[in-house]
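Trainee: here is the input, now give the coordinates:
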Amino acid sequence: MGTAKVTSGGGDSGTAARILEAAVSRFGRDGFGVGLRAIAEDAAVSPGLIVHYFGSKQGLRRACDEHVREVIVTEKRAAATDGTAAGLLAQLADVERFAPVVRYMVRSLREGGDLARELFEDMVADAVRYLEAGVEAGVIKPSRDPVARARVLAYQATGSMLMWLTMNPEHADPASFGKALRAYMEEVTIPMLEVFSEGLYTDRSLLEEYLLYIPDPPRDESSN
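Mentor: Residues are numbered from 1 along each chain as shown. Modelled structure (predicted):
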């Protein structure tokens, strides 16, 4: 059975959306061992209705993965194509709103396994698309290897957050993840923007020498 198409409207799609939001929140807070009954109680539905919409617990989790990716892509695409301080400040001001989605992502990546691997690979593919949208908008520089760049940025973004949460156990309580997310963003935003906007090295010599060293370097699309 396929997963339901989830929107914010009423009727069947509204019920499915309510189940999905409850599942993202509960999985992120308590882990993927939680049963359908707890999620059903949160969504004020029966466990059977969850099975009706999503087929199984695994089907529900895959739908949660898709929902989380959609939220991330929407916000990342907006940031990649806007490139204004106003857009960035608006996202930062409302950062707690994304806590359930980010908490779910963190929980999934920490859990590991095939579903976590699939989620990460899908996130990389999504990043390729919204970075390309940023390139087309003239906000982001083109890359010799867009897929490799997207993968490194995904490693960087998810890895830095996982490390930060590990090194700051006072923010370990899932119930206060919104505060943790804001604290993380306040710590990393300025240095992250500096590196992304100004670069790190003063010239391109290391890159150019390494490209001469490897046998089949990617083509420089930025020179076109």
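Trainee: now name the helix or strand holding the residue most central in space within the chain.
Mentor: The centre of the chain sits closest to residue 72, judged by Cα atoms, centre = their mean, with a distance of 4.6 Å. In this assignment (DSSP states H and E), residue 72 forms part of helix 57-82.
Trainee: so which elements touch the following helix or strand past that helix?
Mentor: Towards the C-terminus, the helix or strand next in line after helix 57-82, according to DSSP H and E, is helix 85-93. Contact partners of helix 85-93 among helices and strands, from 3 or more Cβ pairs under 8 Å, 6 or more residues apart in numbering; DSSP states H and E: helix 57-82. Bear in mind the C-beta positions are built from the backbone N, C-alpha and C, glycine included.
Trainee: buried residues in the helix it packs on, which are they?
Mentor: 57, 59-65, 67-69, 71-73, 75-77, 79-82 (16 or more other Cβ atoms under 10 Å).
Trainee: what's the angle from that helix to helix 85-93?
Mentor: For helix 57-82 against helix 85-93, the angle by axes from the mean of the first three to the mean of the last three Cα atoms, to 10 degrees is 150 degrees.
Trainee: between the helix or strand residue 134 falls within and helix 57-82, how many degrees?
Mentor: Mapping residue 134 onto the secondary structure by DSSP H and E places it in helix 113-136. Helix 113-136 and helix 57-82 are oriented at 20 degrees to each other (the same axes, to 10 degrees).
Trainee: now for helix 113-136, which elements pack on it?
Mentor: In terms of contacts (3+ Cβ pairs under 8 Å, 6+ apart), helix 113-136 is packed against helix 57-82, helix 99-111, helix 146-167.
Trainee: now the last one: how far from the chain's centre is it?
Mentor: What that stands for is helix 146-167. The offset between the C-alpha centroid of helix 146-167 and the centroid of the whole chain comes to 10 Å, using Cα atoms, centre = their mean, to the nearest Å.
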